[in-house]
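**Student:** Here is my input, please return the structure:
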Amino acid sequence: MTIRGFAFKALAVGALFACASTSFAAKTLVYCSEGSPEGFNPQYFTTGTTADASSVPMYNRLVEFELGTTNIVPGLAESWTAAPDGLSYTFKLRKGVKFHSSAKFTPSRDFDADDVLFSYNRQADPNHPFHKTTPGQTYAYFEDMGMKDIVDHVEKVDPMTVKFVLKKPEAPFMANMAMDFASILSAEYAEKMKAAGTVDLIDKDPIGTGPFQFVSYQKDAIIRYKANDHYWGGRPKIDNLVYAITTDASVRYAKLKTGECHVMAFPKPADVAAMKADPNIKLVQQNGLNVGYIAFNVEKKPFDNKLVRQALNMAVNNKAILDSVFQGAGQPAKNPIPPTLWGYNDKVKEYPYDPAKARELLAKAGYPNGAEVELWYLPVTRPYNPDGKRMAELIQADWEKVGVKTKLITFEWGEYRKRSKTGEQQVMMFGWSGDNGDPDNFFVPLLGCAAVKGGGNVSRWCNKDFEDAVQKAKLATRQADRAALYMKAQEVASEEAPWIPIAHSVRFDPVRKEVVGYKMDATAHHYFDKVDLVQK
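**Tutor:** Model prediction:
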């Protein structure tokens, strides 16, 4: 069977299209994704599901991460220089970069400095005319990272040169600039949509410079993209890219086996052995730069009491969770960062599984008869958690043993994130896959004070000692000095217990044998611009 025939058979079996289309008549790769994106503007969101559908295929940043590593390489900036005092970075922009076009927009010029200023200032300036184009949306990552306290302003030196002027030296600055929230949008597109009275379309109908161009989205079902013929990095080898949104991991696996999809997200650990034995599947794997955890909302009782948080840490049988949920594809967590990351504090002691001590601490905290709580569990498979519901059931049973009755709740993924940003949760299951290989990328967006407002700090915990340590680490120039500060921060987090750290997982990407050139990304995204489909 030809690749063309194979692709159409896959689409027909999966009922992905109501009818054939000439725009999908060539090489079509189908990716079975795990959930629906929250939207298509990567400035608004922090989850990997949304980044996979927005910033990865459709946008670029000034600098990028080399695929498979967190090494920084040129993107929309072909070169850059840092001032000796660390207070400014000057970027020379790449010439000849084309923006996408659509039925509503045809660009009249190439990418230039105006697009960089628009993309940054839109997030930074509350009075910017495009700051509030979508009601209720916040610039989550920008706020979580505290970027307004890092960057003073951005200057247009000339049409192809920009300078970022900082308020203070920032050790992780270049790594931050390669992250999803730093994606570059079209200033011209924004102005044209504003003139047409449809300014909200800049966030809904994306226009970027990336390898794939947006075609359509059917909510909770399918996203369609086509190759960008004018991509500055070289046209993709596949002509069309389809995301078949499939929330159940077992269904994703079934589709992979039958050829309905070529690549699937986040398999169940229980299926890994069978995948390894299947000659039609290649299983790519690596240790994940991630952490899965349970976050206590410290603004709500009884979790405003540190003793309660410590007690429920001791009440969870983490080994049973690792055995039942991760099935050998994870290691127990005790810190907010994985042990593969520099600055990890191995001297921190994990909370022992000790129900008797947990009951004692609950009584000391004023809850001798336990409490009633609500635990939100993940509705989608994530790289740091293969089965949120099963994990929640195990925790529910553990807490029941110490008198804490737990009601399990979940929502659709977008709603789950939206509600958590406002602090509606009492206890929630969450996690993180590192975006840039710097410890700052875990500590600041997940537990920093600024991230309470941005919504990434779902425990809503703001601790002076922790904050002082991680902010001082940003200013240090020697990695050893930064590591020492991060080790202190981990000791504070362990003592104050805003989380129950659960696990760091091994990641698996199953791909069909027809797929060549696929490489696993260090940050848990899925890239398809270098892959091809060949007949086997």
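
**Student:** okay, CA-based contacts and neighbour counts for the rest of this
**Tutor:** Noted.

**Student:** show me the biggest strand of the protein in terms of residues.
**Tutor:** strand 499-512 (DSSP state E).

**Student:** Which is the succeeding secondary structure element to it?
**Tutor:** strand 515-516 (DSSP states H and E).

**Student:** Quick one: mean pLDDT over that next one.
**Tutor:** Taken as a whole, strand 515-516 has a mean pLDDT of 98.

**Student:** List the neighbours of it that are in contact with it.
**Tutor:** Defining contact as CA atoms under 8 Å, 6 or more residues apart in numbering, one finds that strand 515-516 is touched by 262, 531-534.

**Student:** Of these, just the buried ones, ChimeraX syntax please.
**Tutor:** In ChimeraX, a selection of the buried entries from the contacts of strand 515-516 looks like this (16 or more other CA atoms under 10 Å):
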select :262,531,532,533
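
**Student:** what's downstream of the helix or strand of the chain with the lowest mean pLDDT, the next helix or strand?
**Tutor:** Sorting the helices and strands of the chain by mean pLDDT, DSSP states H and E puts helix 3-13 at the bottom, at a mean of 40. On the C-terminal side of helix 3-13, the closest following helix or strand by DSSP H and E is strand 28-33.

**Student:** can you map out the strands along the stretch 151-300 of the chain?
**Tutor:** 151-158, 161-166, 212-218, 222-227, 240-245, 263-264, 281-287, 290-296 (DSSP state E, counting those that start in this stretch).

**Student:** Name the strands paired with the first one and say parallel or antiparallel.
**Tutor:** In the sheet containing strand 151-158, its partner strands are strand 161-166 (antiparallel), by DSSP bridges.

**Student:** State the pLDDT value of residue 467.
**Tutor:** 97.

**Student:** Buried ones in the one helix or strand it maps to, by neighbour count?
**Tutor:** For residue 467, the host element (DSSP H and E) is helix 464-475. Residues of helix 464-475 classed as buried by neighbour count (16+ other CA under 10 Å): 466-467, 469-471, 473-475.

**Student:** Redo those residues as a markdown table? Include distance to residue 304.
**Tutor:** Below are these laid out as a markdown table (distance: CA to CA, whole Å):
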| residue | distance to residue 304 |
| --- | --- |
| 466 | 17 |
| 467 | 18 |
| 469 | 22 |
| 470 | 22 |
| 471 | 24 |
| 473 | 27 |
| 474 | 29 |
| 475 | 31 |
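
**Student:** Residue 241: which of those is nearest?
**Tutor:** Among these, residue 474 lies closest to residue 241 (CA to CA), at 39.1 Å.

**Student:** Isn't that closest one up against residue 168?
**Tutor:** No - Residue 474 lies out of contact with residue 168 (CA atoms under 8 Å); the separation is 9.2 Å.

**Student:** For the helix holding residue 467, give me every contacting residue.
**Tutor:** By CA under 8 Å, 6+ apart, helix 464-475 touches 168-172, 440, 443-444, 448-449, 481-483, 485-486, 488-489, 492-493.

**Student:** Could you do stretch 336-352 as well?
**Tutor:** Stretch 336-352 is contacted by residues 289-291, 310, 313-314, 333-335, 437-439, 442-443, 482-484, 486-487, 490-491, 494, 501, 504 when judged by CA under 8 Å, 6+ apart.

**Student:** mind running it again at 7 Å?
**Tutor:** Residues from elsewhere that reach stretch 336-352 (CA atoms under 7 Å, 6 or more residues apart in numbering): 289-291, 313-314, 334, 439, 442, 483-484, 486-487, 490-491, 501, 504.

**Student:** Just the buried ones from those?
**Tutor:** Neighbour counting by 16+ other CA under 10 Å classes 289-291, 313-314, 334, 439, 442, 483, 486-487, 490-491, 501, 504 among the contacts of stretch 336-352 as buried.
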